[in-house]
Each structure stands twice: as structure tokens, then as C-alpha cells.
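> could you work out the structure for the sequence below:
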Amino acid sequence: MLEICSDCYVQLPKLHDTAPTHRYIGGSASCWDQFSWLNNAGEPQVAAGRYNALLIDAYCVQHHGKPIPPAINSVAVHGIALYAAIEMGMSPDKAVWIRQFSTFRADGKKHGQFVWLTPPDQRGCVTINDIVTQPTPEARAKMLDEYVLDVWQTWKAVHLDVFAEWYDRFVAN
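Okay, the predicted model is just below:
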């Protein structure tokens, strides 16, 4: 039996009914499972690639969840990291710093600083499964780069100005 991820629309074999998901990041249990293995265990292995450090950012933006404060903040800080690396030319290796700094700058008022961004239609976008199913670590690294850029381009098309404003407000200043 297959299940469809509510955010990226990938169809994957359904896991058992008690399979874990994230408490506020959206997506199906099977999609979360693939991401968790790829991100945490490095399985399947991925060769070094330009945007490897942005995997979590792309996944969290693509799997935006519902309009509750933690999900809103997640999309904001991960989107700011994508914006900084792809649009502003910051090293992707600074993504952790960007996430932490933008959260710190908004801390205390962060639930009022960011707003829900209506997700773009992500049907047909590259998914975690497209990375995982590549036959070699090098092919997975290439697909991971495509994944990050595809997710960013999809969100950029409708929310570039918002991410630019958040970057200026919480990172650049």
C-alpha cells in the first residue's frame, strides 16, 4: 500500500500506523523516514556536494506543516538560510549559523516576527525519494543539489520578497 506525502506529493510504501513523524514539520511518515535516514545516518551515503549543508533547510521548507507557530518559524529560518546561501552567496556551510542567528535575533518575539507563508504548489518538485533512489553517492549528491535548488526556486517564485526582508531584518542588520 502506498501513501502520498501531503507536502511534496511523493508516493512511498506506507509504514506501520505508529511510524514516527515530526511534531510540526509536515509530510508522511514514509517521507520523514527517508529524510531521517539520509540526514541523520547518512544512509544511503551521499558524496560531498555544493548544497549538502542545506538538505535540512530544503526539506523543512518543502514540508511546511500547518500554520502553527513552530512550523511558521521553521519555514522562516530554513527559508532564510536558503535565501542567504543561494541568493546572497553565503557559504552553505554557514546554514547552521544563519538558522541560529535569525532565531536568536527574533527570540522573545519570534512568534510575532514571522508569518505563515502560503506554500506554493510543489507537485512535480524534486523529493527526498529522488535523492535516495540514485544509484551512487555521487549521483545522490548531484540530485541533492537539484533538490535544494528546486525547492528554493519553487518558494522563491512566490515569497522572495518576504525572505529577503527577513534576511535583512534578522541576519544582515
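
> next structured bit after the worst-scoring helix or strand of the chain on mean pLDDT?
Within the chain, judged by mean pLDDT, DSSP states H and E, the helix or strand with the poorest mean is helix 110-113; its value is a mean of 64. Towards the C-terminus, the helix or strand next in line after helix 110-113, according to DSSP states H and E, is helix 128-132.

> for that following helix, packing partners?
Other elements packing on helix 128-132 under the criterion 3 or more C-beta pairs under 8 Å, 6 or more residues apart in numbering; DSSP states H and E are helix 29-36, helix 137-167. C-betas here are computed from N, CA, C, even on glycine.

> and these, which is most packed in?
With neighbours defined by mean count of other C-beta atoms under 10 Å, none of those is more surrounded on average than helix 29-36, at a mean of 22.

> pLDDT averaged over whichever helix or strand comes after that one, what's the number?
On the C-terminal side of helix 29-36, the nearest following helix or strand under DSSP H and E is helix 55-62. Mean pLDDT, computed over helix 55-62, is 97.

> got the buried residues for the host helix or strand of residue 3?
Secondary-structure element containing residue 3, defined by DSSP H and E: strand 2-4. Buried residues in strand 2-4, defined by neighbour count with 16 or more other C-beta atoms under 10 Å: residue 3.

> what's the answer for stretch 78-98, then?
78-86, 90, 92, 95, 98.

> give me the subset of those lying in helices.
Secondary structure of these is defined by DSSP state H; positions in helices are 78, 79, 80, 81, 82, 95, 98.

> quick check: the gap between the first one and residue 148.
Just to be clear, that refers to residue 78. Remark: distance between residue 78 and residue 148 (C-beta to C-beta, to the nearest Å) = 11 Å.

> okay, and the common contacts of these two?
In the contact map built from C-beta atoms under 8 Å, 6 or more residues apart in numbering, the residues linked to both residue 78 and residue 148 are 57, 58.

> how far away is the closest residue in space to residue 138 that isn't next to it in sequence from residue 144?
Spatial nearest neighbour of residue 138, excluding adjacent residues (C-beta to C-beta, 6 or more residues apart in numbering): residue 47 at 4.6 Å. Between residue 47 and residue 144 the distance is 9 Å, computed by C-beta to C-beta.
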